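Q: quick one, what's the 3D model for this:
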Amino acid sequence: METKRPGQAQRVHALHVVEAELEHLEWATRQPMIRALNASYWRRRLLAVQCGFALTHQQDLRIERILQRLGSETAE
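A: Coordinates of the predicted model:
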C-alpha cells in the first residue's frame, strides 16, 4: 500500500477529461477577451490542467501553444 507524501499533489490520468478541457480552452482563448475572463484567468485554467493531470507530450505542447498565444495577446 502506497502512502501519500505530504505536500505532493496527485496527478490524474484522465485522457478524455484533458481532451475536453483542452478543446474548450483552445476555443475560448480565441474569443474576444472580456474583463472577467481575461488572459490571466485563462492562464490559471491552463496551468491548473498542466499541474493537475498527467499529460501526454502532445497535450503539453497544446497547452504551451495556448500560453504563448495568451502572452502575445497581453503584449498588444
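Q: which residues touch the helix or strand where L61 lies?
A: Assigned by DSSP states H and E, L61 belongs to helix 57-75. Under the criterion CB atoms under 8 Å, 6 or more residues apart in numbering, residues 18-19, 22, 25-26, 29, 33, 39, 42-43, 46, 49-50, 53, 55 lie in contact with helix 57-75. Where you see a C-beta, it was placed from the backbone N, CA and C, and this is true even at glycine.
Q: which of these count as buried?
A: Those of these that meet the buried threshold are 18, 22, 25, 29, 39, 42-43, 46, 49-50, 53, 55, by 16 or more other CB atoms under 10 Å.
Q: from the residues you listed, which land in helices?
A: Residues of those located in helices (DSSP state H): 18, 22, 25, 39, 42-43, 46, 49-50.
Q: okay, among those residues, which ones form the most distant pair?
A: The distance between the two most remote of these (CB to CB) is 21.2 Å, for V18 and A39.
Q: is the closest residue to V18 other than its chain neighbours bridged to anything, and to what?
A: Excluding its sequence neighbours, the residue lying closest to V18 (CB to CB, 6 or more residues apart in numbering) is F53, at 5.0 Å. Applying DSSP bridges to F53 gives these bridge partners: V12.
Q: tell me the spacing between F53 and R69.
A: From F53 over to R69 the distance is 20 Å, taken as CB to CB, to the nearest Å.
Q: residue ranges with poor pLDDT in the protein?
A: 1-13, 73-76 (pLDDT under 70).
Q: let's see 50
A: Flagging of the chain using pLDDT under 50 yields the residue ranges 1-2, 76.
Q: tell me which residue is most central in it.
A: L46 (2.0 Å; CA atoms, centre = their mean).
Q: who's in contact with E21?
A: Counting by CB under 8 Å, 6+ apart, E21 touches V49.
Q: re the thing from before, quick check: the residue nearest to V18 touching H16?
A: No. Here F53 does not reach H16: they are 11.0 Å apart, not a contact under CB atoms under 8 Å.
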